[in-house]
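Visitor: predicted model, plus sequence, below.
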Amino acid sequence: MAAGLIDLERIEELKEQIGIDIFQTLFSRYINEVEKMIVGLCETSAKNQDVSYLINEIHKVSGSSATFGAMEMQKILNQFENLCKDGSALMVICRLVELKEIWNASKQSYQDEGLLNA
């Protein structure tokens, strides 16, 4: 699964554009944002959550994933957003294992590239 998870060129371009200090701050915020979203989706109350709230959260993290080169995260989150828009928010809950697997593999790729602290 590791191939294609992270777009390193996108990450390097971003570092060049905004500088390493700002990159590190925003990257750390992104990691926390994803973790918080996943925890929120795993809570029992998530299936009763307002769909527009879910769409907004998923959309926000999907955009951040694209910014930080997490291409598979962006892909699955786009699928989740479309499921919510189509009235299938419960399918998002059913696919959380898949999301967690992709996120864990993405984090491992970030760590392998020295972007995450061990």
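Guide: Alright, I've got the coordinates.

Visitor: tell me the buried residues in the top helix by length along the chain?
Guide: Ranked by number of residues, the top helix in the chain under DSSP state H is helix 20-42. Buried residues in helix 20-42, counted by 16 or more other C-beta atoms under 10 Å: Phe23, Leu26, Phe27, Tyr30, Ile31, Glu33, Val34, Met37, Leu41. For every residue, glycine as well, the C-beta is placed using N, CA and C.

Visitor: any chance of those in TSV, plus distance to Gln74 and pLDDT?
Guide: Listed next are the buried residues of helix 20-42 as TSV, based on distance: C-beta to C-beta, whole Å; pLDDT from 0 to 100:
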residue	distance to Gln74	pLDDT
Phe23	18	96
Leu26	16	97
Phe27	15	97
Tyr30	12	97
Ile31	15	97
Glu33	13	97
Val34	11	97
Met37	13	93
Leu41	16	87
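
Visitor: can you lay out those as JSON lines showing distance to Glu13?
Guide: Formatted as JSON lines, these follow (distance: C-beta to C-beta, whole Å):
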{"residue": "Phe23", "distance to Glu13": "11"}
{"residue": "Leu26", "distance to Glu13": "14"}
{"residue": "Phe27", "distance to Glu13": "14"}
{"residue": "Tyr30", "distance to Glu13": "16"}
{"residue": "Ile31", "distance to Glu13": "19"}
{"residue": "Glu33", "distance to Glu13": "21"}
{"residue": "Val34", "distance to Glu13": "21"}
{"residue": "Met37", "distance to Glu13": "25"}
{"residue": "Leu41", "distance to Glu13": "30"}
